[in-house]
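S.K.: fold the following for me, if possible:
(chains A, B, C and D)
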Protein chains: 2
Amino acid sequence: MASQVVSVKDVAAHANVSLGTVSNVLNRPEKVSDATRERVQASIERLGFVRNESARHLRAGQSKTIGFVVLDVSNPFFTDVARGAERAAARAASSVLIANSGERGERELAYLDLFEEQRAQGVLISPGGNVTKRLERLRDRGIPTVLVDSPAPRPDFSSVQTNDVAGGRLAVSHLIELGRRRIAFVGGPLALHQIRDRLAGARLAADAAGLPADAVQHWDAQAPTAEEGKRLGFEIAALRKQERPDAVFAANDLLAIGLMQALLLERRVRIPQDIALIGYDDIGWASSAFVPLSSIRQPSELIGETAARLLIEESAGMDAYEHQQLQFTPVLVARDSTGG
Amino acid sequence: MASQVVSVKDVAAHANVSLGTVSNVLNRPEKVSDATRERVQASIERLGFVRNESARHLRAGQSKTIGFVVLDVSNPFFTDVARGAERAAARAASSVLIANSGERGERELAYLDLFEEQRAQGVLISPGGNVTKRLERLRDRGIPTVLVDSPAPRPDFSSVQTNDVAGGRLAVSHLIELGRRRIAFVGGPLALHQIRDRLAGARLAADAAGLPADAVQHWDAQAPTAEEGKRLGFEIAALRKQERPDAVFAANDLLAIGLMQALLLERRVRIPQDIALIGYDDIGWASSAFVPLSSIRQPSELIGETAARLLIEESAGMDAYEHQQLQFTPVLVARDSTGG
DNA sequence: CATGAGCCTTGAATCATTTCATCGACGAAT
DNA sequence: ATTCGTCGATGAAATGATTCAAGGCTCATG
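M.R.: Residues are numbered from 1 along each chain as shown, chains lettered A, B, ... in the order given. The predicted model follows:
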């Protein structure tokens, strides 16, 4: 219980200078003579002084903390995005604090409230519910927001995402080039725009190759999880060979892993000989799956880094800021599961 | 750009009351007459007033934000812990903000600084480096800390973790009961106490069963990842049958998954007939692995929930608080990979 | 010796909120 | 009619850091 509360006042007294001088040492060290500066710094050390961010912020009016409201921390994609955001923030001497909404609308709003009350420098959000109204309010208060992995609701908001239509096209073009013709798209729920777009891209690729309109069949998943993938995998494996697709495009890698497990358990189905399989996201251990998994890679860290950069730029020049909606182009990573 | 800055003062003016009354509506609504309260609340709505947390905090001296400094957000274990912590925090009307140190000591310290400057209600931390000094300083400043998944450095800190020695014993007892005698422990680096303890528990179990001292062989891993598991799996599969272990205990599930992939690729090795395999953590999709994986389950959410509860209790009664070091007992989850 | 320039330092004002002693009004009891 | 008590509302003080106009000191120059 050494030093209960050490304030600038205490430091000033200890170093025999005034409050203002201590503040200058802290914020404009070049304005203070060497001798004084060193004396003050020694006192800071000695007393273990740490700025009270609340007081600083109250007066200065701006914070260096960026909030990131995330749909689901356990999704490796968001983890990667967060890492990228952290890197960009660090360059601007800002910090990123992650809040997990767990796909629950009321947590999402509660955390937006929190960041609003804290007058955060800005907020990154991958929204679950409809938060447009709330984001407008944050902006009115001078807190900019950038949407991550989601389209901007209006042209005066910035957003950073992957072009999922292009990703879907990429995956299915790859399968068609390998000679596959009966293609299953496994994914859901379609309420998620990411998944809708990937399916749309898949159909565009089939069209472009001159395949019939029903070449891409949609198998709906309740959730993008390995369990669902496994369930649907058994359904697919149970089909007779003539009816069975010869390629499966899964809406994300977790689904693909589940599918792979189910298909391989049914010894009749070989990957990629009987069914070529491709996922989406290229999560860390797609490459170390039982059959290394082909996938569509999103530049997750770059998405986070860019989103944070846009946010910081906007927070610097709030009024005259030109909003941007950025889409990154995903790339194909071909591995054994499509024949490498 | 509706309402630039709305303060209590504006609300007070609009509702025709004094500052103090608005504050009372906000903090002690029972002290204000119904008529006045409703009038004030209407003004708050109308003007879109949101408390300035910095000012509130500055005066009130206490915050309702708990910081959680995490070693690695991409590890599902920590994600689960965070979810539990959030649940306990929500009950006390507190929020949890996650900061990812990414196993980098300087980020860890930077985030501790941040929470110190913000005068957080408390800090949960799963430390990578040695942070004892820093935690002492936080306490001096009235910010309690609880260690998560790590032992308390001194009896006057609280900690919540799993009994990893018991977990190791559980895993290896299970293998021995199944008749296995040549057991490999795959895990590392031993610098992590979690992994050291699991190995120690494994050896205790072997001793207790009267097995020779070298019954449990240690295969060192550079990191607890699927890639490392795969690498070591190929080494193990390459051994002649007489030299090969008949059971493998992996220090975590990621390692176990990698091992499984490598062993199954070598067609000579069957799981569990030739080698029984058990992991640790029971992460979400251990059950949907190619061969459903036996594992030692830690009560991850409970750990987080308990840690947050201890933290909140300590922050309430700082001085007279009795610190606790809690250890949860893990449980065995037997699946196909050890013969179900 | 007086003056001015340059460089530091000072102290008061400010930020938005909470807290608390005080005040006013109204009704009940003496 | 006076006193007392209660309930609500009030406004000044306090919180800790920052900013800025004003003042002080030193040294060089006329």
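S.K.: mean confidence score for the host helix or strand of A:Ser23?
M.R.: Applying DSSP states H and E as the criterion places A:Ser23 in helix A:19-27. With pLDDT averaged residue by residue, helix A:19-27 scores 89.
S.K.: hmm, it touching DNA strand D?
M.R.: Yes. With Cβ under 7 Å from any atom of the strand as the criterion, DNA strand D is reached by helix A:19-27 at A:Leu19, A:Gly20, A:Val22, A:Ser23, A:Asn24, A:Leu26, A:Asn27. All C-beta atoms are positioned from the backbone trio N, CA, C, and that covers glycine.
S.K.: top of these by neighbour count?
M.R.: Tallying neighbours with other Cβ atoms under 10 Å in any protein chain shown puts A:Val22 at the head of those, with 26 neighbours.
S.K.: take the residues of helix A:19-27 next to DNA strand D and lay them out in a markdown table including distance to A:Asp197.
M.R.: Converted to a markdown table, the residues of helix A:19-27 next to DNA strand D look like this (distance: Cβ to Cβ, whole Å):
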| residue | distance to A:Asp197 |
| --- | --- |
| A:Leu19 | 57 |
| A:Gly20 | 57 |
| A:Val22 | 55 |
| A:Ser23 | 52 |
| A:Asn24 | 54 |
| A:Leu26 | 49 |
| A:Asn27 | 47 |
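S.K.: close to DNA strand D: what parts of the stretch 151-300 of chain A are there?
M.R.: So the stretch 151-300 of chain A never meets DNA strand D (Cβ under 7 Å from any atom of the strand).
S.K.: does stretch A:108-128 reach chain B?
M.R.: Yes. Contact between stretch A:108-128 and chain B, assessed by Cβ under 8 Å from any Cβ of the partner chain, occurs at A:Ala110, A:Tyr111, A:Asp113, A:Leu114, A:Glu116, A:Glu117, A:Gln118, A:Arg119.
S.K.: beta partners of A:Arg297?
M.R.: Here A:Arg297 sits in beta bridges with A:Asp281, A:Val331, as judged by DSSP bridges.
S.K.: quick one, phi psi at A:Ile125?
M.R.: The phi/psi pair for A:Ile125 (degrees, to the nearest 10) reads phi -150, psi 130.
S.K.: whoops, A:Ile183 was the one
M.R.: The phi and psi torsions at A:Ile183 (degrees, to the nearest 10) take the values phi -110, psi 130.
S.K.: and the one 3 residues further on, by the same measure?
M.R.: Note on A:Val186: backbone dihedrals following degrees, to the nearest 10 are phi -110, psi 120.
S.K.: same question for A:Gln273.
M.R.: Backbone geometry at A:Gln273, expressed as degrees, to the nearest 10, gives phi -50, psi -50.
S.K.: and if you look at A:Leu277?
M.R.: The phi/psi pair for A:Leu277 (degrees, to the nearest 10) is phi -130, psi 130.
S.K.: that one pairs with what?
M.R.: Legend: beta-bridge partners of A:Leu277 under DSSP bridges are A:Val248.
S.K.: residues in contact with it?
M.R.: Neighbouring residues of A:Leu277 by Cβ atoms under 8 Å, 6 or more residues apart in numbering or on different chains: A:247-248, A:250, A:256, A:259-260, A:263, A:271, A:291, A:293-294, A:337-338.
S.K.: if you set the cut-off to 7 Å instead, what comes out?
M.R.: A:Val248, A:Ala256, A:Leu259, A:Met260, A:Ile271, A:Leu293, A:Ser337, A:Thr338 (Cβ atoms under 7 Å, 6 or more residues apart in numbering or on different chains).
S.K.: in the stretch 151-300 of chain A, which spans are strands?
M.R.: A:158-162, A:183-187, A:216-220, A:247-250, A:276-278, A:295-297 (DSSP state E, counting those that start in this stretch).
S.K.: how many residues are close by the residue of the stretch 151-300 of chain A found nearest DNA strand D?
M.R.: Nearest to DNA strand D in the stretch 151-300 of chain A, going by Cβ to the nearest atom of the strand, is A:Ser158, at a distance of 27.3 Å. Number of residues near A:Ser158 (other Cβ under 10 Å) recorded here: 23.
S.K.: surely it and A:Pro151 touch.
M.R.: No. Using Cβ atoms under 7 Å, A:Ser158 is not in contact with A:Pro151; the gap is 10.9 Å.
S.K.: give the residues shared as contacts by those two.
M.R.: Common contact partners of A:Ser158 and A:Pro151 (Cβ under 7 Å, 6+ apart): A:Gln325.
S.K.: from A:Ala208, how far out is the residue in the stretch 1-150 of chain A positioned nearest to DNA strand C?
M.R.: At 2.5 Å from DNA strand C, A:Gly20 is the closest residue in the stretch 1-150 of chain A, using Cβ to the nearest atom of the strand. As judged by Cβ to Cβ, to the nearest Å, A:Gly20 and A:Ala208 stand 69 Å apart.
S.K.: low-confidence ranges in the stretch 1-150 of chain A?
M.R.: Applying pLDDT under 70 to the stretch 1-150 of chain A flags residues A:1-4.
S.K.: which bits of it sit near chain B?
M.R.: Proximity of the stretch 1-150 of chain A to chain B (Cβ under 7 Å from any Cβ of the partner chain) is limited to residues A:1-3, A:48, A:50-55, A:57-58, A:73-74, A:76, A:79, A:82-83, A:86, A:95, A:97-100, A:102, A:111, A:114, A:116-119, A:137, A:140-141.
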